[in-house]
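[1] sharing a sequence plus its predicted fold:
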Amino acid sequence: MIRRLFLSALLAAGCARAPAPDPASKLPSTAATSSSGAASTVASSATDSAPTPAASSSSASPGGAASVAAAPEPPLEGEDFLPEAKTIFRVAACGSTGDIPARFDAAIVARHCEELGRAYDDYRKGWVDVAKPFLASLRPKDLPTVVVYPFGGGDLTSALATFPDASEITTISLEPAGDVRPVDALPAERLSRELAGHRAHLERLFEKAHSRTENLEKESKTELPGEVLFALAALVVHGDEPVSLRYFRIRPDGSLGYVTKEDIDGAKRAGERRGALFANVELRFRRAGDADRAGAPVRVLRHVSFNLDDAHLKADPSLLAYLNARPKVSAMTKAATHLLWDDHFSLIRGWLVDHTDWMVSDSTGIPPRIAGPAGFVQDTYGTFDGPSPFGSPDARDARDLKRLFASQPGRDLAFRYGYPDRDGHAHLVVTHREVHPAAP
């Protein structure tokens, strides 16, 4: 039963729902605008980092000509929590590397990983092996390798299936990443309950409610951080392993300030709430087993905790500054409670229109009334007879999308991508710029 629920969780792999927007006059809350909350805590000592997207790795020069060896990368800034991440990777996500602490019962971990191992295998066979080649057949070959996934909390696994060549992925949702350090203090007698709790949360998150924010918030209150754990589980699914894990805040100019030990100690001395220090996380990862392979690419996931409605983006423009450093991106969203249909989310929707030429989504992507006038074409797959009842879907946008599906030839879709439609049908929309043939 647990294995079935976990598989359902991964198949749904939905995105976090932001709350109903506040009135424009209401100031953003600290919890919703996590990056600004972190700013006051770490501004004095967090290290600067230019807001430059991770570069794609390039292959070695062909032939026998001598080449200049690449200079070693400079040390990463901020405190690296890789030891804690590797413990969670091994114990909770059941990765192939990392050690089980001596205080934990290895038999408990083995039983947990046996269950998850079967679920991972089922997920790969039932979803990844079906969706990944299909999505590859739709993607143009020259897409940007920088990916932005709004409302994408906890869903690195389908981001990697959708964009397996991504060099940088930014997911954005209300949920904070969470602090990995409690794994070092987790009592042995609570391990079994903690692991079982994460499995139960997966049932609540995805089996019936997809990834509604209230359920993701429950997951974020467990001793092991749910957002980080889900990302590490995605690495297991796709055959990757963690290289570093650091926390950061976004400065007003969009650059990143990485959290240091001094920041944490200073917050403790001042009696300040330290949760904001652990709201945004950067996870670097590579192919498992590639540690000794020269030139093996290291990729980056950044999860940003932020309320994406217009009121919060206006009150704290740091996230838009970070995103604006990425001139063109590939994009995706799904199970986003139709917030991109809502004009209270016009800023993030407008940013996507301006900065992507190719986006994949379920019905919760950019609505036709916005996409068409902006010069996009939308290709439909599967069946859509009306939106699922998550959020408050706009009736006009629902009619437009239903007409769009009806106007195009039927194209089969053999897997779920986010929400089903109101009748349980799988559907998918590719929103892309219209390509005009070159003049002879």
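    Cool, got the structure.

[2] who are the contact partners of the residue nearest to D240 when sequence neighbours are not counted?
    On the basis of Cβ to Cβ, 6 or more residues apart in numbering, the spatially nearest residue to D240 that is not a chain neighbour turns out to be F285, at 4.7 Å. In short, each C-beta sits where N, CA and C put it, glycine included. Contacts for F285 were tallied using Cβ atoms under 8 Å, 6 or more residues apart in numbering; they are L235, D240, E241, P242, V243, V298, R299, V300, L301.

[3] what secondary structure does T170 sit in?
    When the structure is split into helix, strand and coil by DSSP: H, G, I helix; E, B strand; the rest coil, T170 lands in strand.

[4] wait, it sits on L156?
    No - the pair T170 / L156 is not scored as a contact, 11.0 Å apart, by Cβ atoms under 8 Å.

[5] on that earlier part again, which two among the contacts of F285 are spaced furthest apart?
    For these, the maximum inter-member distance is 14.1 Å, found between E241 and V300 (Cβ to Cβ).

[6] specify which member of the contacts of F285 is nearest to L195.
    Taking Cβ to Cβ as the measure, L195 sits nearest to L235 out of the contacts of F285, at 17.6 Å.

[7] so, low pLDDT: which residues of the stretch 51-200 of the chain?
    Along the stretch 51-200 of the chain, the parts satisfying pLDDT under 70 run over 51-74, 199-200.

[8] the residue nearest to D240 - that's part of a strand, no?
    Yes - using three-state DSSP, the secondary structure at F285 is a strand.

[9] what is it paired to in the beta sheet?
    With DSSP bridges as the criterion, F285 is bridged to P242, R299.

[10] pLDDT score for it?
    In this prediction, F285 carries a pLDDT score of 97.

[11] returning to that earlier point: narrow the contacts of F285 to just the buried residues.
    With neighbours counted using 16 or more other Cβ atoms under 10 Å, the contacts of F285 contain these buried positions: L235, D240, E241, P242, V243, R299, V300, L301.

[12] show me where the chain has strands.
    Read by DSSP state E, the chain holds these strands, from start to end of the chain: 47-49, 146-150, 168-173, 240-250, 256-258, 280-287, 299-305, 329-333, 356-361, 376-382, 427-433.

[13] of those, which approaches F81 most closely?
    F81 sits nearest to strand 240-250 of all the strands of the chain, at 4.7 Å, using Cβ to Cβ.

[14] just give the number of residues close to the residue nearest to K314 when sequence neighbours are not counted.
    Sequence neighbours aside, L347 is the residue nearest to K314 in space, at 7.3 Å (criterion: Cβ to Cβ, 6+ apart). Taking other Cβ atoms under 10 Å as the neighbour definition, L347 ends up with a count of 18.

[15] got the contact list for the most centrally placed residue in the chain?
    Centroid-nearest residue in the chain: T171, 3.6 Å away (criterion: Cα atoms, centre = their mean). T171 sits next to Y149, G152, G153, G154, D155, L156, A159, L301, R302, H303, V304 when contact means Cβ under 8 Å, 6+ apart.

[16] need the residues you listed in a markdown table with distance to Y120, can you?
    Shown next, in a markdown table, are these (distance: Cβ to Cβ, whole Å):
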| residue | distance to Y120 |
| --- | --- |
| Y149 | 21 |
| G152 | 20 |
| G153 | 20 |
| G154 | 16 |
| D155 | 16 |
| L156 | 14 |
| A159 | 17 |
| L301 | 19 |
| R302 | 24 |
| H303 | 21 |
| V304 | 27 |
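
[17] just those now: which is nearest K314?
    Closest approach between those and K314, by Cβ to Cβ: V304, at 16.7 Å.

[18] wait, doesn't the closest one sit right on T170?
    Yes - in this structure, V304 is within contact of T170 by Cβ under 8 Å, at 6.4 Å.

[19] quick check: neighbours shared by the two?
    Listed contacts common to V304 and T170 are Y322; contacts here mean Cβ under 8 Å, 6+ apart.

[20] now for the longest helix anywhere in the chain, which elements pack on it?
    With DSSP state H setting the assignment, residue counts place helix 106-123 as the longest helix in the chain. Identification of packing neighbours for helix 106-123 by 3 or more Cβ pairs under 8 Å, 6 or more residues apart in numbering; DSSP states H and E yields helix 2-12, helix 82-91, helix 191-202, helix 226-238.

[21] what's the local residue count around G295?
    10.

[22] now T145: closest residue in space, sequence neighbours ignored.
    Taking Cβ to Cβ, 6+ apart as the measure, T145 lies nearest to S167, with 4.2 Å between them; neighbours along the chain are not counted.

[23] where in the stretch 251-400 of the chain is pLDDT low?
    Under the criterion of pLDDT under 70, the regions of the stretch 251-400 of the chain flagged as low confidence span 271, 274.

[24] quick check: neighbours shared by T170 and L156?
    With contacts taken as Cβ under 8 Å, 6+ apart, T170 and L156 have L301 as neighbours in common.

[25] of the two, which one has the most company?
    Here T170 and L156 are compared on neighbour count by other Cβ under 10 Å; more neighbours surround L156, at 28 against 23.

[26] what's the local residue count around A110?
    For A110, the count of nearby residues is 13 (other Cβ under 10 Å).

[27] quick one on the thing from earlier: so the residue nearest to T145 sits against R302, correct?
    No - S167 is not in contact with R302 according to Cβ under 8 Å; the separation is 11.9 Å.

[28] looking at the two now, which is surrounded by more residues?
    Neighbour tally, S167 and R302, criterion other Cβ under 10 Å: the higher count belongs to R302, 23 against 18.

[29] if I look at the closest residue to T333 other than its chain neighbours, how far off is A371?
    Once its chain neighbours are removed from consideration, T333 has its nearest residue in S361; the separation is 5.0 Å (Cβ to Cβ, 6+ apart). Shown here: S361 relative to A371, a distance of 11 Å by Cβ to Cβ, to the nearest Å.

[30] need the contact list for A110.
    A110 makes contact with no residue, according to Cβ under 8 Å, 6+ apart.

[31] where's it relative to A234, distance?
    A110 is 22 Å from A234, where distance means Cβ to Cβ.

[32] try P182
    Applying Cβ to Cβ, one obtains 21 Å for the distance of P182 from A234.

[33] these two - which one has more neighbours?
    For P182 against A234, the residue with the higher neighbour count under other Cβ under 10 Å is A234, and the figures read 24 against 15.

[34] check contacts around that one.
    Going by Cβ under 8 Å, 6+ apart, A234 touches D155, L156, T157, A159, L160, D240.

[35] coming back round to it: could I get the strands of the chain as CSV with distance to L320?
    What follows is these, written out as CSV (distance: least, Cβ to Cβ, whole Å):
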stretch, distance to L320
strand 47-49, 18
strand 146-150, 12
strand 168-173, 11
strand 240-250, 10
strand 256-258, 14
strand 280-287, 15
strand 299-305, 11
strand 329-333, 13
strand 356-361, 15
strand 376-382, 21
strand 427-433, 21
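
[36] I am finished for the moment; much appreciated.
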